[in-house]
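*Asks:* sequence unavailable; structure follows:
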């Protein structure tokens, strides 16, 4: 039943949405199995030539140290996709959780949370990340935490405005008059009705995170060698820019296709369902 | 031989795509003609296609809908006319008066600029001429201060005034056809009378040809010459107003006519007054309530209710009526505990209830249930009907899922819905079905009293009658009591044994239903009753202009009778000086007025 419904929902997507869906599924699959299908270990200097052209041995050529770009791309994708997904999940859980508390709780909770989030949102995200990385050194966990914290306030604001609007509706009033507790109001009455717009927000934020992470890596503050995400692949190979090397074009195209794919899917999904 | 018709519609069909992709005809082969200077009414329930037909006269169809057929208005005809031709016609030769004038005006521009805008856009008059014409229209529409009213902003005007201004906007280009799309549906009855009188006067004076879309036969009877009865996009009957009202030939028209005057068939024995000494089931004593911050004297910043008291016996039905802003919904919110009163008590079986929800016991909450007006937002769209009802059963009765399923089937049977509906989501149901589910949710708690807040107001007449019938049956079979809130005195009279009239948060009259059959009434009750349109064509003329209030200049004051500024029978030296007493009338009703019983009967 649910699988046929899912199938029908996919069939109803416009062409752009289907393209987005294919791109997103493609990247999820790469993130999951990439390292296992990579032809060379990502760190091995398998090619004598640097910035080599595409060949049957090295589909995407070699990078500035002569490593296989395809293998590095396949292993790097999981950092970009995985880290962004984990960070966005944390950010959305905290943001939406706080938003629900603000919507169904007493007025002072709303005030307190909203002002706290205003404070947090006023800190520029890149500077915040730079300071923390400088202070604690870069690590996977720290990066996830920084990025999650950076994106909590934005999600909170959107979720709060949705939740406050919904919490005023009659069906929530009826539940309140019935004597339901705040947890029930938040999770059963309000949350299910904000999932759709929230998904759009989460998808958008995922894209921002991919870009922030790539940006940080590009600055050398993201993932540290020998690990590399898509952003650091671009940075490593900047010296190949002048030659138009595949080593820099391939990861850039990878970032673009991931973000464009997610955006297309979100646009199609939210438009198709809006009545 | 009649001259060529002014407006001719031939074989009009409007087709949309159904959700499954198949074409669906929402207007099916409709033909009619209107002579110059006549008004044709399109009447039917929601979904009958009446608004779709009216909009297709403007050459407008919802996106995805296709219009076929021939429409001729005056000399112009459009069938497949391009956007440019349509734009030249719209707002010029054919104009439109929408249901909600408050939403149709741009709040940031002065009214006059918006009223004369069609004339300027289409170049039918210079700005000065249009202004002059608009003032004549304002005067014809009985708007106060026709010279200066235009320089105000929309938010400074009342809903009834805006609706009349919108009619002026529609008439400014001297159009061939004016389309009125439910223009008085959103107004209070007392305002509706004024607006209808103004519309009829201006339509006659200007000799305008009109299409009047409405679901209300009584309103249409005042405005139209011809009636076209629609049901599911098809014409059921087309005849002169008199013929439709007096000798309806179609059985659907007869249903509509019957529903216009609700009479409950399920006879309910009028509840005998509670035995002396026995406490009523629910009593409200001296409630004051309002919104906003509460000051040092315990008054809210925006007081809504002042000193409201009423009592509901076991199994009784008490109606509360009043216009919008009278605080009738606030009464329900206070009783349900959603709003804490600033003074006064609500007691159940003689036991005072806590003001706020958190302090009431689950048992107390269970015994009082509230049902809101708009079932679209009163039912959570994320849940199925079964989940909505099941939650109440688990919450109050701790039912197991098996018990709950059984009880849900019983409840659905009680409200006359098929059991299969339990698995459906609420947004798949029709308006009437939703309102039944809304009611079933309250019934699931096995309450002693149900607070019905305008539960029939958003429904079509036929559906409304069915819901009223259901309410009466439930009361007879389950012995549940109602606090029935409505702005419609006919509905309240049909269902309730006792009626309370609220005006600006004060109880101006209360009494048994029979005492509302004939005077003496409170002057406001009198106004309410006489404002309800009747199903005869000469009703509007018989109402006459509303008697002018002597103290119209006075501001309403909490210390005096609040009705003074609108009261036609206010007495100088009494009404403008001291607060009125509650007077007991011989018919058993209590009236808050300075006038004595004999004076009120005579007036």
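*Replies:* Thanks, I have it. If you're wondering where the values come from, they're calculated on a predicted model, not measured in any experiment. Residues are numbered from 1 along each chain as shown, chains lettered A, B, ... in the order given.

*Asks:* looks to me like residue A:142 is in a helix.
*Replies:* Yes. Assessed with DSSP: H, G, I helix; E, B strand; the rest coil, residue A:142 lies in a helix.

*Asks:* what sits closest to it if chain neighbours are left out?
*Replies:* residue A:136 (5.5 Å; C-beta to C-beta, 6 or more residues apart in numbering or on different chains). Where C-beta positions appear, they are placed from N, C-alpha and C, glycine not excepted.

*Asks:* swap in residue B:411?
*Replies:* That would be residue B:440: by C-beta to C-beta, 6+ apart, it lies 4.7 Å from residue B:411.

*Asks:* specify the local secondary structure of the one you found.
*Replies:* Residue B:440 ends up helix, using three-state DSSP.

*Asks:* sorry, back to before: please tell me how far the residue nearest to residue A:142 sits from residue B:436.
*Replies:* Taken as C-beta to C-beta, to the nearest Å, the spacing of residue A:136 relative to residue B:436 amounts to 61 Å.

*Asks:* comparing those two, which residue is more hemmed in?
*Replies:* Counted by other C-beta atoms under 10 Å in any protein chain shown, residue A:136 and residue B:436 do not tie: residue B:436 has more neighbours, with 25 against 12.

*Asks:* thought residue B:416 was touching the more buried one, still the case?
*Replies:* Yes. The pair residue B:436 / residue B:416 is scored as a contact, 7.0 Å apart, by C-beta atoms under 8 Å.

*Asks:* got any residues that touch both of the two?
*Replies:* Shared contacts of residue B:436 and residue B:416 (C-beta atoms under 8 Å, 6 or more residues apart in numbering or on different chains): residue B:470.

*Asks:* burial count for residue A:101?
*Replies:* 18.

*Asks:* what packs against the helix or strand where it lies?
*Replies:* Applying DSSP states H and E as the criterion places residue A:101 in helix A:69-104. Helix A:69-104 is packed against helix A:15-37, helix A:107-121, helix A:140-167, helix A:195-219, helix A:230-236, helix A:246-273, with contacts defined by 3 or more C-beta pairs under 8 Å, 6 or more residues apart in numbering or on different chains; DSSP states H and E.

*Asks:* ok, residue B:149 touching residue B:111?
*Replies:* Yes. At 7.1 Å, residue B:149 counts as touching residue B:111 under the criterion of C-beta under 8 Å.

*Asks:* domain map for chain B?
*Replies:* B:7-260, B:282-507, B:518-603 (automatic domain parsing).

*Asks:* out of those domains, which gets nearest to residue A:168?
*Replies:* Closest approach to residue A:168 among the domains of chain B is made by domain B:282-507 (9.6 Å; C-beta to C-beta).

*Asks:* rounded mean pLDDT for the closest one, please.
*Replies:* Average pLDDT, domain B:282-507: 89.

*Asks:* what's the span of that domain, first residue to last?
*Replies:* End-to-end distance of domain B:282-507 (C-alpha to C-alpha, to the nearest Å): 17 Å.

*Asks:* neighbours around residue 259, how many?
*Replies:* Picked chain A for this. So residue A:259, with other C-beta under 10 Å, has 20 neighbours.

*Asks:* chain B was what I was after
*Replies:* 19.

*Asks:* residues in contact with the closest residue to chain A within chain B?
*Replies:* Relative to chain A, the nearest point of chain B is residue B:382 (3.4 Å; C-beta to the nearest C-beta). Counting by C-beta under 8 Å, 6+ apart, residue B:382 touches A:192-193.

*Asks:* that's a helix at it, yeah?
*Replies:* No. Assigned with three-state DSSP, residue B:382 falls outside any helix and is coil.

*Asks:* list the contacts of residue A:77.
*Replies:* Listed by C-beta under 8 Å, 6+ apart, the contact partners of residue A:77 are A:27, A:30-31, A:34, A:229-230, A:254.

*Asks:* leaving out chain neighbours, which residue sits closest to the residue in the stretch 151-275 of chain A that chain B sits nearest to?
*Replies:* Residue nearest to chain B within the stretch 151-275 of chain A: residue A:192 (3.4 Å; C-beta to the nearest C-beta). Among residues not flanking residue A:192 along the chain, residue B:382 sits closest, at 3.4 Å (C-beta to C-beta, 6+ apart).

*Asks:* cool, residue B:572 as well?
*Replies:* Leaving aside its chain neighbours, residue B:572 sits nearest to residue B:550 (7.1 Å; criterion: C-beta to C-beta, 6+ apart).

*Asks:* residue B:152 too?
*Replies:* residue B:111 (5.8 Å).

*Asks:* test my guess that that neighbour contacts residue B:155.
*Replies:* No. Counting by C-beta under 8 Å, residue B:111 does not reach residue B:155; the two are 10.4 Å apart.

*Asks:* these two: which is more packed in?
*Replies:* Set residue B:111 next to residue B:155 and count neighbours by other C-beta under 10 Å: residue B:111 wins out with 25 against 10.

*Asks:* got the contact list for that one?
*Replies:* B:105, B:149-154, B:157, B:165.

*Asks:* and those residues, which are buried?
*Replies:* Applying 16 or more other C-beta atoms under 10 Å in any protein chain shown to the contacts of residue B:111, the neighbour count classes B:105, B:149-150, B:154, B:157, B:165 as buried.

*Asks:* in helices only, show me those residues.
*Replies:* residue B:165 (DSSP state H).

*Asks:* now render the buried ones among the contacts of residue B:111 as JSON lines, adding pLDDT.
*Replies:* Shown next, in JSON lines, are the buried ones among the contacts of residue B:111 (pLDDT from 0 to 100):
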{"residue": "B:105", "pLDDT": "89"}
{"residue": "B:149", "pLDDT": "87"}
{"residue": "B:150", "pLDDT": "87"}
{"residue": "B:154", "pLDDT": "88"}
{"residue": "B:157", "pLDDT": "85"}
{"residue": "B:165", "pLDDT": "91"}
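
*Asks:* can you redo the buried ones among the contacts of residue B:111 as a markdown table with distance to chain A?
*Replies:* Formatted as a markdown table, the buried ones among the contacts of residue B:111 follow (distance: C-beta to the nearest C-beta, whole Å):
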| residue | distance to chain A |
| --- | --- |
| B:105 | 25 |
| B:149 | 35 |
| B:150 | 36 |
| B:154 | 25 |
| B:157 | 27 |
| B:165 | 31 |
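
*Asks:* residues from chain B in reach of chain A?
*Replies:* Residues of chain B lying near chain A by C-beta under 8 Å from any C-beta of the partner chain: B:336-338, B:357, B:360, B:362, B:365, B:369-370, B:372, B:374, B:377-383, B:391-392, B:395-396, B:441, B:445.

*Asks:* would you show me how to pick out the buried ones of these in ChimeraX?
*Replies:* Here is the ChimeraX command that picks out the buried ones among these, judged by 16+ other C-beta under 10 Å:
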select /B:336,337,338,357,360,365,369,370,372,374,377,378,379,380,382,383,391,392,395,396,441,445
